[in-house]
Structures are given as structure tokens and as C-alpha cells.
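Q: return a 3D structure for these sequence lines:
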Amino acid sequence: MRFSRTIQTVDVHCAGEIGRVITGGVLNIPGATMAEKLHHLNRVDDGLRRWLCSEPRSAPAGSFCLLTPACDPAADVGLIILQPDQAHAMSGSNAMCATTALLETGMIPMTEPESVVTFDTAAGLVKATATCQAGKVVKVTLDMPPSFVAKRDAVIDTAEWGPVRYDLCFGGVFYALVDVDQIGLAITPENARALAMTGVDLRNRIAATEPALHPTTPALNGLAYVMFRSDDADGALRTCTTLRPGRADRSPCGTGSNANMAARHARGRVKPGDVVLSRSIIGGEFTTEFVAQTTVGPHVATRNRVSGQCWIYGISQIGLDPTDPFPQGFTLSDTWGG
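A: Residues are numbered from 1 along each chain as shown. Model prediction:
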């Protein structure tokens, strides 16, 4: 056995959504800020992401949490999310996975009953407060980047479903939030494939004409996902974030829950102190607390805290043989879509 490169990961899931936390093998990414590092991964050299996030080393489901030295001295560690489509600035479920891995493996000392980890991300500083019991992280609460509505009740005309309304919101990345009844589906496990493919299709159509410009940080420009939403009978928010190339988020989605709070605030449905329960397609739950109102550029914004729990299920080492014919990986349409 010989490797020209090795990566070590702690494998974690957050309410069913996989987040593999890279704990060794990557020293740093070029860039003086996390936004510059994100730009480098997406525009200069995406070889690391392609190697890890494609077959034969990966599959469409799940993400890799890339830890780097923090650029901001107020943070403990930098965080970038690697996914099959691109590198992303922030993900709530993955930040929870990273927090759990850092504390439960001792990379950052755990203090009971609470430990704090501050992440430097391209979307800003994210404080993670972990509730710890008997060496286990039983809850992670994230102080999320400010969320705001960039466009409310925007419309895209479709041949299949007629005019589809959506809210363009930022919650750490940009979302098009779509009430799921507009496409004639419910957010249930048996509809996962139809939701995933429809959501990715809608995302691509919206992104073709909607630049989704962030008012202060150009590295955050661009529509990342369509999230479908509905209200459960008990008042919980049922969600399904759809990710390229075509899959459904297993978790309730932290940045999406953050974005949804801004959308509810824009409609007068919430006030500071309110807590919203978000429920995923498989029944996993996050809570989102509306902490305070603020602004981002010209937009009214909300500061929110999102809470959930993660579980470590493995420790892995990934290597690259110098004679491997697929150093950048590959995808096939049977599982990765068109």
C-alpha cells in the first residue's frame, strides 16, 4: 500500500444527515480570510472537493467539514463545507457535526456542562454552545449568521406547476423557500426522490435569472438551494432542502431554518423570543430561537439560535494511490442525476 495523499475524518450524522469532519491531512487553504479560502476552493482549485465528494470515495449524500486555521483571532477554528456541487460558506447541521467531533475526540477540551467552540466562516463568526454530559455532546446550539429576506413572493413561471412563488432568503447561504403544496407534493419519505429532483430543477431555473447578491460579501453570492416547506398539524415547520445533484437533506437544515425565521418575521408571524420547531423529511428536529432584530446592508435581518444533536458513527482514513486512474473522482447519472 502506498498513498500520495491521506485524509482522516471523524464521521458524524446530525439527525441523519452525514457530516464527515476532516481532522487530518489538510494543513490550510490559501486565503487571508475565510471568504478568500472559499473562493479559492470554488474558483481556483477544487481538486480536494472533487477527490473527496465524488465516487469511488463518496456518494451524493453527505458533506465533508473542512477545518482550517481561523483567520479571525476571535474564532477557534475555520470551517468550510465541501459538497458534491461546490464548497459552501456555512451549514448548520455540519457545524453541529464539527462541534461534536472536536469535543468528543478531545481536539478541543470538553468542559461540562457547557463547552463553546467559535467557528470562522465565510458567512461570519458562528458560536457553537455544546451541552455536555458524561463526555457526550447532547445538544449543540449555534448563534447563526444574521438571516434576511432579499425578495419576498418572487415568482418563476413553469409549464408543470404554473407560477411558483418563493422567498429568496439568506441564512448562511441563499435559499429559495417554496411552499410545497404549489408542486402538488407532501414532505414525506416516499416523495423524497420527486422532491429532490423537482427542487434541483427549480433551483437551476431560478438561478439562471436570479443572481442572489449578498449586500456585503460577494463570496456569498448565488442561490445554493431550494427548500420546500409546510406546516405540520402541531405547528412545527416541516422542511425539505434539496441539494444538487438531486437529493433531500436528511436533517431539518440549520441555515434553512435560520432563513425561514427571517421569512416568518417579514410576514409578522414571529417576534424576538419566539421558538420554532423544524422537522425534517424523516422526522428529525431542530429548534430555532429568534433572538433579536438587526440589519444586513439595506435588509431587516434576524439573529437566531438553532439547536440540534449529532452522533459519531465512525473514524476513517481516505488515501490516494498515485496510480489511481480516478484522482478527481467521477459521477454517473444512475445515482448522481443528469
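Q: for stretch 177-190, measure first residue to last.
A: 21 Å (C-alpha to C-alpha, to the nearest Å).
Q: could you pull out the buried residues of that stretch?
A: Residues Leu177, Val178, Val180, Gln182, Ile183, Leu185, Ile187 are the ones in stretch 177-190 that count as buried (16 or more other C-beta atoms under 10 Å). The C-beta positions use only the backbone N, C-alpha and C, and glycine is treated the same way.
Q: next one: stretch 189-207
A: Those would be 191-192, 195-203, 205-207, for stretch 189-207 by 16+ other C-beta under 10 Å.
Q: same thing with stretch 232-242?
A: Ala236, Leu237, Arg238, Thr239, Cys240, Thr241, Thr242.
Q: how about the backbone phi and psi for the nearest residue to Ser278 once chain neighbours are set aside?
A: Of all residues not flanking Ser278 in the chain, Pro252 sits nearest, at 3.9 Å (C-beta to C-beta, 6 or more residues apart in numbering). The phi/psi pair for Pro252 (degrees, to the nearest 10) reads phi -70, psi -10.
Q: distance of Ile156 from Ala194?
A: Note on Ile156: its distance to Ala194, by C-beta to C-beta, to the nearest Å, is 18 Å.
Q: the residue nearest to Ser278: what's it in contact with?
A: With contact set as C-beta atoms under 8 Å, 6 or more residues apart in numbering, Pro252 has these partners: Ala15, Leu237, Thr239, Ser278, Arg279, Ser280, Gly284, Glu285, Phe286, Gly308.
Q: count the residues that sit near the first one.
A: When counting by other C-beta atoms under 10 Å, one arrives at 24 neighbours for Ala15.
Q: residues in contact with it?
A: Ser93, Arg250, Ser251, Pro252, Ser280, Ile282, Gly284, Glu285, Phe286, Gly308, Gln309, Cys310.
Q: dihedrals phi and psi, the first one?
A: Phi and psi for Ser93, reported as degrees, to the nearest 10, are phi -60, psi -40.
Q: thinking it is in contact with Gly254, fair?
A: Yes. If you go by C-beta atoms under 8 Å, Ser93 and Gly254 touch, sitting 5.3 Å apart.
Q: using CSV, write out every CA atom in the helix or strand containing Asn258.
A: Secondary-structure element containing Asn258, defined by DSSP states H and E: helix 254-266. The C-alpha trace of helix 254-266 is given here as CSV (Å, rounded to 0.1, in the frame of the first residue of the first chain):
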residue,chain,number,x,y,z
GLY,A,254,-29.7,24.7,10.1
THR,A,255,-29.1,27.5,7.6
GLY,A,256,-32.5,26.8,6.1
SER,A,257,-34.2,27.0,9.5
ASN,A,258,-32.3,30.3,10.0
ALA,A,259,-33.6,31.6,6.7
ASN,A,260,-37.2,30.6,7.4
MET,A,261,-37.2,32.6,10.6
ALA,A,262,-36.4,35.7,8.6
ALA,A,263,-39.3,34.8,6.2
ARG,A,264,-41.7,34.4,9.1
HIS,A,265,-40.5,37.7,10.6
ALA,A,266,-41.1,39.5,7.3
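Q: can you name the next helix or strand after the longest helix out of those in the chain?
A: Of all segments of type helix in the chain, defined using DSSP state H, the longest is helix 192-209. Where DSSP H and E defines the elements, the next helix or strand beyond helix 192-209 is strand 223-231.
Q: pLDDT averaged over stretch 14-22 - what is it?
A: Stretch 14-22 shows a mean pLDDT of 98.
Q: cool, and stretch 169-184?
A: For stretch 169-184, the mean per-residue pLDDT is 98.
Q: and stretch 73-82, by the same measure?
A: Stretch 73-82 shows a mean pLDDT of 98.
Q: can I get that stretch as CSV, trimmed to CA atoms?
A: Extracted in CSV, the C-alpha atoms of stretch 73-82 (Å, rounded to 0.1, in the frame of the first residue of the first chain):
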residue,chain,number,x,y,z
PRO,A,73,-8.5,35.8,16.1
ALA,A,74,-11.9,35.6,17.9
ALA,A,75,-12.5,32.1,16.5
ASP,A,76,-11.1,28.7,17.5
VAL,A,77,-11.2,27.2,14.0
GLY,A,78,-12.2,27.8,10.4
LEU,A,79,-15.0,25.9,8.8
ILE,A,80,-15.9,25.3,5.1
ILE,A,81,-18.4,22.8,3.9
LEU,A,82,-17.5,20.6,0.9
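Q: in terms of helices and strands, where is the nearest residue to Gly199 once chain neighbours are set aside?
A: Take Gly199 and drop its neighbours on the chain: the residue closest to it by C-beta to C-beta, 6+ apart is Thr242, 2.6 Å away. Using DSSP H and E, Thr242 maps to strand 237-243.
Q: roughly how far out does that strand sit from the chain middle?
A: Put simply, strand 237-243 sits 11 Å off its chain's centre (C-alpha atoms, centre = their mean, to the nearest Å).
Q: just stretch 256-263 next, same as before
A: With C-alpha atoms, centre = their mean, you get 13 Å for stretch 256-263.
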